[in-house]
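Q: A predicted structure for the sequence below; I have some questions about it.
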Amino acid sequence: MSKYTVPALKEDLTVTSVLESELSEGKFQERKQQNPSVLRPKLACKVNCYQNKLIFSQDGRDFVVQINSQSGKILKKFFSLMDGTISLTELQQIFSVNNSELINTIVRHLDEHNLLDDVAQVRVHSGIDTLLELEDLTNELLNKQVDENLFLKSIQSVTSDLPINVLYGLAIENYHFLSRKCCFDSPGLGFQSSTKVRQLLNEYYYKEYGQDLLVMEALNAIGISVEELADTMPLPETMAMCNALTYWANFEPLFFLSTLGLLAGQTCKNFEFYIKACERVQLDSCFINPIRQLANTKLKLEEENLTRRIFQEIPHIDQETRQRFRGQTYLFVEIYNNFYTAIWNHYSSASHLLRRVSAI
């Protein structure tokens, strides 16, 4: 690709007449005025911006375009939309409604250097469509596993009385989980693809703040102090769930965001059964009341349906990414199921509630 300078662009995403006049002065007049063959342009390279330069990288080759600081913002937006989901006509209307040949020239220039894929027909698969598919798969997997998970099966029974240590154990492991939420919540606050999503996440995390303190209050009521919990290890399966969510939050942020709905909805449902089980065995109200307050908080967050609001802001998720998310959903549900299985297996037979670090 030859190097050329792109003049300044207006902030309203309309290409200025400066660039139009530059084209008319002859820089591209050796090219015939015709529409490119690419109907829905899709970049077949990576684009980075560095020191007023756009760098197109493909298979070890780098193509450099000199730009100015004003142009960078608009061109970055322009190239981000070249994902195969937006037609050439739509790009013209967004960026240069009065001079469609300007966009044709840019797209043709990229096409001639094999930096585009020709995606004439593509089915746009929105973020919300992807989320609904993942929700259906998650619910199907959960329904299959409930019958095999003694804890979930027992807690959803309106007649069973869970062992008291198991009821206390759920609170202990939830404390460990909630007190580590900052590890996987924090990366989401910098979500780069959407300002709206960042705003939604900040609102959500603000409302979630202090949930671990409610569980702490419940545990204090049964004689477990802050100092004792600080000397306590969570179960390996609890840490596995925290670590998995932390990994996804950092490296697969969209998939991580898709798990928020499951965590909110299922936790709310399980806590409803959990509180009834605590009441059946007549646990102290000082223990139950903070847990009930926690459940009510989660119910309000679930009613806001944060995850769906987030994915409504995602315009398109490609087939490869959707397939990868499906595979990760199987793993996530298995980790989630193991969390509850481990609580039953350990606390139903443990002689001591706390797994003390100092005892190792």
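A: Nice, thanks for sending it over.
Q: Where does pLDDT dip in the stretch 51-200 of the chain?
A: Scanning the stretch 51-200 of the chain for pLDDT under 70 picks out 69-71, 97-100, 118-124.
Q: all helices of it, in order?
A: Assigned by DSSP state H, counting those that start in this stretch, the stretch 51-200 of the chain shows helices spanning 69-80, 88-95, 100-112, 127-146, 150-155, 164-179, 181-185, 195-208.
Q: Identify whichever of those lies nearest to Lys298.
A: Lys298 lies closest to helix 195-208 among those, at 8.7 Å (C-beta to C-beta). No exception for glycine: its C-beta is placed from N, CA and C like everyone else's.
Q: got the angle for the closest one vs helix 127-146?
A: 40 degrees (axes from the mean of the first three to the mean of the last three C-alpha atoms, to 10 degrees).
Q: what angle separates helix 195-208 from helix 164-179?
A: Going by the same axes, to 10 degrees, helix 195-208 makes 140 degrees with helix 164-179.
Q: mind exporting helix 195-208 as PDB, just the C-alpha atoms?
A: The C-alpha trace of helix 195-208 is given here as PDB (Å, rounded to 0.1, in the frame of the first residue of the first chain):
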ATOM      1  CA  THR A 195     -19.400   3.400  26.600                       C
ATOM      2  CA  LYS A 196     -23.000   2.400  27.400                       C
ATOM      3  CA  VAL A 197     -21.900  -1.000  28.600                       C
ATOM      4  CA  ARG A 198     -19.300   0.600  30.900                       C
ATOM      5  CA  GLN A 199     -22.000   2.800  32.400                       C
ATOM      6  CA  LEU A 200     -24.300  -0.200  33.000                       C
ATOM      7  CA  LEU A 201     -21.500  -2.100  34.700                       C
ATOM      8  CA  ASN A 202     -20.500   0.800  36.900                       C
ATOM      9  CA  GLU A 203     -24.200   1.100  38.000                       C
ATOM     10  CA  TYR A 204     -24.500  -2.600  38.600                       C
ATOM     11  CA  TYR A 205     -21.300  -2.900  40.700                       C
ATOM     12  CA  TYR A 206     -22.200   0.100  42.700                       C
ATOM     13  CA  LYS A 207     -25.500  -1.600  43.700                       C
ATOM     14  CA  GLU A 208     -23.700  -4.900  44.400                       C
END
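Q: Same list (the helices of the stretch 51-200 of the chain) but as CSV, adding mean neighbour count and distance to Lys300.
A: Formatted as CSV, the helices of the stretch 51-200 of the chain follow (neighbours: other C-beta atoms under 10 Å; distance: least, C-beta to C-beta, whole Å):
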stretch, mean neighbour count, distance to Lys300
helix 69-80, 16, 35
helix 88-95, 17, 39
helix 100-112, 19, 47
helix 127-146, 16, 20
helix 150-155, 20, 22
helix 164-179, 22, 16
helix 181-185, 17, 17
helix 195-208, 15, 8
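Q: For Ile314, find the nearest of those helices.
A: Nearest to Ile314, of the helices of the stretch 51-200 of the chain and by C-beta to C-beta, is helix 127-146 at 2.6 Å.
Q: Any idea which of the helices of the stretch 51-200 of the chain gets closest to Asp231?
A: Of all the helices of the stretch 51-200 of the chain, it is helix 164-179 that lies closest to Asp231, at 12.4 Å by C-beta to C-beta.
Q: Give me the helices and strands touching the closest one, please.
A: Secondary-structure packing of helix 164-179 (3 or more C-beta pairs under 8 Å, 6 or more residues apart in numbering; DSSP states H and E): helix 211-221, helix 236-251, helix 253-280, helix 319-347.
Q: give me that answer again for 6 Å
A: Counting contacts by 3 or more C-beta pairs under 6 Å, 6 or more residues apart in numbering; DSSP states H and E, helix 164-179 packs against helix 211-221, helix 236-251, helix 319-347.
Q: that older thread, can you redo the helices of the stretch 51-200 of the chain as TSV with distance to Phe311?
A: As requested, the helices of the stretch 51-200 of the chain are arranged in TSV below (distance: least, C-beta to C-beta, whole Å):
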stretch	distance to Phe311
helix 69-80	18
helix 88-95	22
helix 100-112	30
helix 127-146	4
helix 150-155	26
helix 164-179	24
helix 181-185	18
helix 195-208	9
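Q: Looking at these, spot the one closest to Leu294.
A: Nearest to Leu294 among those is helix 164-179 (8.4 Å), distances taken as C-beta to C-beta.
Q: circling back to that earlier point, for Phe79, which of the helices and strands packed on helix 164-179 is the nearest?
A: Of all the helices and strands packed on helix 164-179, helix 319-347 comes closest under C-beta to C-beta, at 19.0 Å.
Q: Pull out the buried positions in that closest one.
A: 325, 328-329, 332-333, 335-347 (16 or more other C-beta atoms under 10 Å).
Q: roughly how far out does it sit from the chain middle?
A: Here the centre of helix 319-347 is set off from its chain's centre by 16 Å, with C-alpha atoms, centre = their mean, to the nearest Å.
Q: the inter-axis angle of that helix versus helix 253-280?
A: Put simply, helix 319-347 runs at 30 degrees to helix 253-280, going by the same axes, to 10 degrees.
Q: Good, we can wrap up now.
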